[in-house]
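Novice: missing the sequence, but the structure's below:
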């Protein structure tokens, strides 16, 4: 199965909104919605890579994800935010979640 058009459209809206407040290094959808086997209650899992992050930016990303989900039939969007350093240099780069995102993530 493939990612549904509706999920792709919501992801594109989210990326567009986020791009207005932060420079995105990478942006992918992963999990059941990227595989196309989600049900109506599944989250839209989104991997967001940025250069740097602080508390204020993390909250802004979370707020935008909530708004985009709310205005698109209350789909719950779960952002997973990492810095370039975490993905390229830290021990996190070999974590199972980063491996799953690399294998099944759909770049938007």
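Specialist: Sure thing, it's come through. None of the values given here were measured: they were computed from a predicted structure.
Novice: going by C-alpha atoms from here, please, whenever you check contacts or count neighbours.
Specialist: Noted.
Novice: which is the next helix or strand following the helix or strand hosting residue 99?
Specialist: If you go by DSSP states H and E, residue 99 is part of helix 96-104. Heading C-terminal from helix 96-104, the first helix or strand you meet, by DSSP H and E, is strand 106-107.
Novice: now for that following strand, which elements pack on it?
Specialist: The helices and strands touching strand 106-107, judged by 3 or more Cα pairs under 8 Å, 6 or more residues apart in numbering; DSSP states H and E, are strand 24-30.
Novice: quick one: mean pLDDT for the strand it packs on?
Specialist: Mean per-residue pLDDT for strand 24-30: 97.
Novice: is residue 42 in contact with residue 34, as I believe?
Specialist: No: when contacts are counted by Cα atoms under 8 Å, residue 42 is not listed as touching residue 34 (11.0 Å).
Novice: so which of the two has more stuff around it?
Specialist: Neighbour count, other Cα atoms under 10 Å: between residue 42 and residue 34, residue 34 has more, with 24 against 14.
Novice: check which helix or strand covers that one.
Specialist: Going by DSSP H and E, residue 34 is in helix 32-35.
Novice: ranges for the helices of this protein?
Specialist: For the chain, applying DSSP state H gives helices covering 5-19, 32-35, 55-70, 84-88, 96-104.
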